[in-house]
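Student: got a predicted model here, sequence first, then my questions.
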Amino acid sequence: MLSFTTLPLMLVAGALALSVPVDKRQEIICATANGPISVVSAATDGFLGYLSSTLVNGQVVLTQEAAAAMTGSLECGTGPYPTAVENPTPSTYTYFAAAALYNDTLESGSPNWAFLTTSNLGEYVPNAWTDATGVPDVSVRQGIFAAYGVGKATLDVVWQNGPGMEIQVQAYGFVRNDGNLVGLTGDLNEFLTAMADEDQSYTAVSFQMVGTS
């Protein structure tokens with residue numbers, strides 16, 4: 001069964017087919033990243049949409065409208081940091097998060113995945129997904145993004161495994177092609193294989209914000 005735990009998102013220049021070269025990280029690191037969170041194809045850098053400020057059944061989805069985008073802010077640097085969100089609907093929770101329902105271990109060789117939501121700070125804490133569905137005890141992470149660069153800052157995606165969430169692993173973003181599911185996985189190929197029987201298709205994505213010095 002595929003995993004589904006709420007995790008904090010951290011963005012760092014991803015190693016999976018991102019259009020931004022790895023040495024992009026060696027440029028001036030921004031002090032903060034803020035504004036709408038845009039989503040682009042990891043293969044082509046083509047714009048796919050924004051993360052919507054309005055959650056659907058407790059999940060973050062895509063929107064094409066800049067005015068409807070979720071705005072956030074996070075500290076830049078080498079580590080993942082919690083991303084604060086300013087305008088979510090519902091407005092109960094003020095941190096961007098990822099949630100995994102069945103298994104909160106994301107890693108290479110595993111199809112496990114998590115979807116995006118909002119939550120309080122902490123691992124087993126109130127969150128928009130639980131409020132919308134009544135599903136209790138989901139594991140959440142708020143520190144899943146790490147931001148690099150001034151101007152168009154790339155967000156690397158990170159997941160935390162193990163007791164105390166102390167083991168950090170590279171993660172990869174994806175969007176279902178209807179725009180109604182945005183999430184992370186530790187192994188994109190394994191995830192796509194597990195989802196092959198669905199009628200929907202998926203696109204590997206990167207996340208971006210505006211980095212300021």
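Tutor: Looks like it arrived, so ask away.
Student: residue 139 against residue 106, yeah?
Tutor: No. In this structure, residue 139 is not within contact of residue 106 by Cβ atoms under 8 Å, at 10.9 Å. Using the backbone N, CA and C atoms, a C-beta is placed for each residue, glycine as well.
Student: so where's this structure uncertain?
Tutor: Where the chain drops to pLDDT under 70, the residues are 1-28, 163.
Student: quick one, helices of this protein?
Tutor: 128-133, 188-194 (DSSP state H).
Student: got the buried residues for the last one?
Tutor: Taking 16 or more other Cβ atoms under 10 Å as the neighbour-count basis, helix 188-194 is seen to contain the buried residues 188, 190-191, 194.
Student: what is the most widely separated pair among those?
Tutor: Spatially, the most separated pair among these is 188 and 194, at 10.8 Å (Cβ to Cβ).
Student: roughly how far does residue 207 sit from residue 29?
Tutor: Using Cβ to Cβ, to the nearest Å, residue 207 is found at 17 Å from residue 29.
Student: looking at those two, which is more packed in?
Tutor: The neighbour count for residue 207 versus residue 29, taken as other Cβ atoms under 10 Å, is higher for residue 207 (27 against 17).
Student: nearest residue to that one other than its sequence neighbours?
Tutor: Closest residue in space to residue 207, ignoring its immediate chain neighbours: residue 155 at 4.1 Å, by Cβ to Cβ, 6 or more residues apart in numbering.
Student: my guess is that neighbour meets residue 147, correct?
Tutor: Yes. Between residue 155 and residue 147 there is a contact under Cβ under 8 Å: 5.5 Å.
Student: how many neighbours does the spatially closest residue to residue 137 that is not a sequence neighbour have?
Tutor: The shortest distance from residue 137 to any non-neighbouring residue, by Cβ to Cβ, 6+ apart, is to residue 124 (6.2 Å). A total of 14 residues lie near residue 124 under the criterion other Cβ under 10 Å.
Student: please apply the same query to residue 213.
Tutor: As a burial measure, residue 213 scores 10 neighbours (other Cβ under 10 Å).
Student: wouldn't it be in contact with residue 150 here?
Tutor: Yes. If you go by Cβ under 8 Å, residue 213 and residue 150 touch, sitting 5.1 Å apart.
Student: quick revisit: turn the buried residues of helix 188-194 into TSV, columns for distance to residue 42.
Tutor: Formatted as TSV, the buried residues of helix 188-194 follow (distance: Cβ to Cβ, whole Å):
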residue	distance to residue 42
188	9
190	16
191	13
194	19
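Student: stretch 115-123: end-to-end distance?
Tutor: From its first residue to its last, stretch 115-123 covers 15 Å (Cα to Cα, to the nearest Å).
Student: actually, stretch 91-109.
Tutor: Start and end residues of stretch 91-109 are separated by 36 Å (Cα to Cα).
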